[in-house]
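1. 3D, please:
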Amino acid sequence: MSDESATWFYEHFEHSGSAIGFRVTGKVDEVQSPFQKIEIWDTTDWGKLMVIDGAIMLTTRDNFLYHEMMSHPVLFTHSNPKRVVIIGGGDCGTLREVLKHKEVEQVVQVDIDEQVTRMAEKHFPELCDANADPRAQLLFDDGIAYMKNAAPESVDVIIVDSTDPVGPAEGLFNEAFYASCHRALRAGGILVQQSESPLVHLSLIKSMRHHMAAAGFAHFRTLPFPQPCYPTGWWSCTLARKGAELSGFRERGAHSKIFPTRYYNVDIHRAALASPEFMRELGD
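-> Numbers count the residues shown, from 1 in each chain. A predicted model of the protein is given here:
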């Protein structure tokens with residue numbers, strides 16, 4: 001497709017005064033769920049593009065960055081993660097990465113919108129190839145209610161793989177939700193949540209940490225990583241631990257991992273723990 005005939009899909013970010021766009025050849029699917037509008041586009045260079053309520057969620061080409069960094073750092077930081085809960089994550093890419101860890105015995109994924117998973121199965125099947133793993137349980141339900149009703153000290157790792165803090169995901173960024181997570185985690189358990197772009201959302205990260213601390217968490221780390229399809233192209237996840245420090249990770253395990261990754265390795269993990277100067281105000 002020549003530049004003259006190209007069609008582009010743009011997402012504009014008022015908060016940062018910027019936009020990200022992809023050259024597309026057309027919309028291939030669309031569904032209006034009870035919660036949100038989900039669209040799938042074909043792009044010329046990035047594979048399929050998933051858009052929810054006008055916001056870019058993932059592309060075939062770059063989703064591995066996000067899914068690997070939401071999964072492997074937290075699992076290699078925990079000493080022995082056996083039971084994992086994923087809140088959100090309906091495209092199932094994070095679930096796939098979590099299930100690469102053989103020590104994990106059970107993963108419960110709770111996403112309120114079943115249509116996200118059905119669209120991922122149809123258009124991003126490579127992300128869903130672990131859905132039939134006997135250790136996986138997919139629930140289409142309210143993640144906030146699920147955590148509120150979770151048994152105390154029953155979970156090792158909670159991964160909040162959510163959309164931006166608006167709409168159905170708004171309730172995943174407050175003290176009440178974090179208190180439910182803190183209660184459900186065993187001693188030494190870890191909560192990790194996508195925490196937007198540190199370049200333009202540092203105030204949100206501070207707010208998240210404030211609410212996490214009020215809920216009982218005492219130790220935090222924010223790990224930045226590249227994500228071309230998200231605002232600024234630079235994203236992050238924030239870890240909060242129950243009753244233990246977050247000073248290191250199982251480097252030997254990460255170095256000798258027996259599963260394939262495209263971005264994550266022991267050196268990437270080590271580097272992500274180094275804070276840029278402007279992020280040092282977070283206290284990492």
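2. quick one: contacts for I52?
-> Counting by Cβ atoms under 8 Å, 6 or more residues apart in numbering, I52 touches 36-39, 116, 163. For every residue, glycine as well, the C-beta is placed using N, CA and C.
3. which strand residues bridge it?
-> Counting by DSSP bridges, I52 forms beta bridges with I38, A55.
4. and if you look at F22?
-> Going by DSSP bridges, F22 forms beta bridges with F9.
5. that one contacts G47, correct?
-> No: look at F22 against G47 with Cβ atoms under 8 Å: they stay out of range, at 9.9 Å.
6. between the two, which one's more packed in?
-> Each of F22 and G47 has its neighbours counted (other Cβ atoms under 10 Å); F22 has more, 23 against 18.
7. setting aside sequence neighbours, what's the nearest residue to the residue nearest the centre of the chain?
-> The centre of the chain sits closest to D161, judged by Cα atoms, centre = their mean, with a distance of 3.4 Å. Once flanking residues are discounted, D161 sits nearest to G89: 3.7 Å by Cβ to Cβ, 6 or more residues apart in numbering.
8. and for L172?
-> Nearest to L172 is S162, by Cβ to Cβ, 6+ apart, at 5.0 Å.
9. what's the burial count for the one you found?
-> By other Cβ under 10 Å, the residues close to S162 number 21.
10. what ranges do the helices span in the stretch 1-150 of the chain?
-> 63-77, 93-98, 114-123, 143-149 (DSSP state H, counting those that start in this stretch).
11. would you mark the buried spots in the second one?
-> Translated: helix 93-98. For helix 93-98, a neighbour-count test (16 or more other Cβ atoms under 10 Å) marks 93-98 as buried.
12. again, but for the third one
-> Residues of helix 114-123 classed as buried under the neighbour-count rule (16+ other Cβ under 10 Å) are 114-120, 123.
13. out of those, flag the one nearest to F217.
-> V116 (28.0 Å; Cβ to Cβ).
14. if I follow the layout properly, that closest one ends up in contact with G93?
-> No: if you go by Cβ under 8 Å, V116 and G93 don't touch, sitting 11.3 Å apart.
15. pLDDT weak spots in the stretch 101-250 of the chain?
-> 163-170 (pLDDT under 70).
16. so where do the strands sit in it?
-> 106-110, 136-139, 155-161, 185-194, 219-226, 234-241 (DSSP state E, counting those that start in this stretch).
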